[in-house]
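> A structural model of the following input is requested.
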Amino acid sequence: MAARTQATRLPATDLVRMGAIEKLTTRQDFETWSFLVTSMLGQFDLEDLIDSTIPRPAEDHPHHDRWSRLSKKVRCWLTLQIDSSIVRELRDESSTGWSIAYADETYEVIRRIIVGHAHTKAKSTWKSAIFMKREDYGSVEQYVTAFRQHVKAANLLKTPISPFCASLLLLEQLEKELPGWTGSIEAGFRSDIAETMTENEFHEICCAAIDEGNNDNADRSKPTSDKPRSSDPNGNTSSNLSSSSNGQTHIQKHRMAPPKGKSARQYVAEWRAHEPQRTPEGNYNYNIVR
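Predicted coordinates:
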């Protein structure tokens, strides 16, 4: 079986019409723009032409000439999908030695212009993600969102943080705030998770962390319930706080006493003859008089 090249999956014809997509203008838009580029090219089986990890066909390849024409066509299309300021930088880069003759290298230079390629930037971005702290952000959602963005940026700059490592860093920062949840996530890791964890799984953990953090904040913000009041046998509720005629609040003292018209001896005899009843708090619920 012949080795795969950028010419392996070319369409049968050069007559492809690629529509316009939203132009790339800023660093924050690169991932969305890249997705739209890949989606558009994928309709015509041309997405391999911007993938520099796939080798180009040799000059004696039977489809080399068609690959060359289509690659240059995609290159031209790419330059029309970026802002004029980026076009100027692209032109400057080509004048300093960066080749942009074909689609794959043109796409790579655009990525370098937007995302950056200096070693110092890659290092600082990677360190920002690795050493990011939860306490530097007002909420779990803010921290998780910023951390995920930094991980993406580090990976784009070729200083990758694996999904598993990113998950461990995230869980470590949330451990004090969400101990039960982080413990359950780690306990559920499969034995080969370090080698097999995917980007989607990492993003699922991020989304779950945000939900858990929001739920925790909602629970903390609930008002505390009033202290339960005792009830007498007639269904009247009472509090151990009352106001006197002069408006001052004082604590009332409760004591056990027989009802009016019944002697203490009769009351005690009846009391002993009946099975004690308890309130939900575990206290005996006899007649309480003040």
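> alpha carbons only for contacts and neighbour counts from here, please
Noted.
> can you map out the helices along the stretch 1-150 of the chain?
Counting by DSSP state H, counting those that start in this stretch, the stretch 1-150 of the chain has helices at residues 30-42, 64-79, 84-95, 103-115, 119-130, 140-156.
> and these: which comes nearest residue 14?
Closest of these to residue 14 is helix 64-79, at 6.6 Å (criterion: C-alpha to C-alpha).
> run a quick neighbour tally on residue 26.
When neighbours are counted by other C-alpha atoms under 10 Å, residue 26 registers 13.
> do residue 200 as well
10.
> now do residue 90
21.
> if I read this right, it contacts residue 110, doesn't it?
Yes. Residue 90 lies in contact with residue 110 (C-alpha atoms under 8 Å); the separation is 6.8 Å.
> need the residues touching each of those two.
Shared contacts of residue 90 and residue 110, defined by C-alpha atoms under 8 Å, 6 or more residues apart in numbering, are absent.
> still on that earlier bit, make JSON lines out of the helices of the stretch 1-150 of the chain and add distance to residue 173 and mean pLDDT.
Below are the helices of the stretch 1-150 of the chain laid out as JSON lines (distance: least, C-alpha to C-alpha, whole Å; pLDDT from 0 to 100):
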{"stretch": "helix 30-42", "distance to residue 173": "26", "mean pLDDT": "95"}
{"stretch": "helix 64-79", "distance to residue 173": "41", "mean pLDDT": "96"}
{"stretch": "helix 84-95", "distance to residue 173": "38", "mean pLDDT": "85"}
{"stretch": "helix 103-115", "distance to residue 173": "27", "mean pLDDT": "90"}
{"stretch": "helix 119-130", "distance to residue 173": "11", "mean pLDDT": "82"}
{"stretch": "helix 140-156", "distance to residue 173": "9", "mean pLDDT": "92"}
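> to residue 7, which of those helices lies closest?
Among those, helix 64-79 sits nearest to residue 7 (C-alpha to C-alpha), with 5.6 Å.
> so what secondary structure elements neighbour the closest one?
helix 103-115 (3 or more C-alpha pairs under 8 Å, 6 or more residues apart in numbering; DSSP states H and E).
> and residue 26, how far is that from residue 33?
For residue 26, the distance to residue 33 (C-alpha to C-alpha, to the nearest Å) stands at 10 Å.
> who touches the helix or strand residue 206 falls within?
Assigned by DSSP states H and E, residue 206 belongs to helix 199-221. Applying C-alpha under 8 Å, 6+ apart, the set of residues contacting helix 199-221 from outside is 139-141, 144-145, 148, 163-164, 166-167, 178, 181.
> ok, stretch 163-171 next?
Contacts for stretch 163-171 (C-alpha under 8 Å, 6+ apart): 130, 144, 147, 151, 182, 193-195, 197-199, 201-202, 205.
> show me which of those is closest to residue 68.
residue 199 (33.6 Å).
> how many neighbouring residues does the closest one have?
12.
> what about it, distance to residue 206?
11 Å.
> okay, and the helix or strand of the protein with the least pLDDT?
strand 249-251 (a mean of 38; mean pLDDT, DSSP states H and E).
> just want the angle from the helix holding residue 206 to helix 140-156.
160 degrees (axes from the mean of the first three to the mean of the last three C-alpha atoms, to 10 degrees).
> please pick the buried ones from the contacts of helix 199-221.
Buried residues within these, counting neighbours by 16 or more other C-alpha atoms under 10 Å: 140-141, 144, 148, 163-164, 166-167, 178, 181.
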